[in-house]
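> model this:
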Amino acid sequence: MKIDQVSDSVYVVAGTNVNWALISSGSGVTLIDAGYPGDTADVLKSVREVGHRLEDLSAVLITHAHLDHIGAIPALVESVGMPVYTGGAEVPHARRDYLEQITPKDMIRQLSTARGRRWVAQTLRAVRGGMATTIPSAASVDDVVLPGGLTPIPTPGHTTGHTAYLLSAEGVLFSGDALVTGHPLSRRSGPQVLPAVFNHDEAQTLASARLLANQTARTIVPGHGPAIHQ
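Numbers count the residues shown, from 1 in each chain. The predicted model follows:
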């Protein structure tokens, strides 16, 4: 786990090939995304590392309901009971009414390269039996005023209901997996979309990435890869 402060109130935490973020505001803290199941201890530790108790969590916002972004949420809901929000179209995905995620067959295909084998091994360790993770309490961001003045930005493609969040007061864009800066399966660094195997709708993914690239943000916090300052 590595924690970087990228603005006055925003901390980005790098876990197992995935990021989550904490927005600290006075006595409260908001978590954006929550790593793999195997990152749970680090997610909880990161809240304390930025000066808060778990009880200070006011909400968890998820960009989308892939396993590497929701892993610690069941433990947090059980211990704290804070609300969990995501895009309205993503709520049934979070509740696992359906699943849009890389398939086991597609994961097996990654074993053909050394880069892919490393990623598959790291992923299997991070999953730790949590494939059945679900968020029955997930609710729509469309129905609430989000903490800290965050604005949701629908960015479908990676998943049907993928949602980015803009903290306009500090110029920070939480792009989730709609716009990333790296991934173990990518040879590139810098702003990019994830390899097509991860995206539910590639055309929408590209359109959403263009939308985010045109936002007036000074800092982009992606779901994968380092934060970048513009």
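
> Strands along this protein, start to end?
2-5, 10-14, 19-25, 28-32, 57-61, 84-86, 139-140, 151-154, 163-167, 172-176, 219-222, 228-229 (DSSP state E).

> Give me the sheet partners of the fifth one and which way each runs.
Strand 57-61 has these partner strands in its sheet, going by DSSP bridges: strand 28-32 (parallel), strand 84-86 (parallel).

> got a list of contacts for stretch 18-29?
9-13, 30-36, 39, 43, 46-47, 50-52, 56-58, 68-69, 147-148, 150, 167, 174, 221-225, 227 (CB atoms under 8 Å, 6 or more residues apart in numbering). Placement of C-beta: from N, CA and C, glycine included.

> Sort out which residues of that stretch are buried, please.
Under the neighbour-count criterion of 16 or more other CB atoms under 10 Å, stretch 18-29 has Val18, Asn19, Trp20, Ala21, Leu22, Ile23, Ser24, Gly28, Val29 buried.

> circling back to that earlier point, so which of the strands of the chain is the most packed in?
strand 172-176 (a mean of 28; mean count of other CB atoms under 10 Å).

> Kindly format the C-alpha coordinates of it as CSV.
Presented in CSV, the C-alpha positions along strand 172-176 are these (Å, rounded to 0.1, in the frame of the first residue of the first chain):
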residue,chain,number,x,y,z
VAL,A,172,-9.7,16.7,-8.9
LEU,A,173,-11.3,14.2,-11.3
PHE,A,174,-11.8,10.6,-10.1
SER,A,175,-12.0,8.8,-13.4
GLY,A,176,-12.2,5.2,-12.2
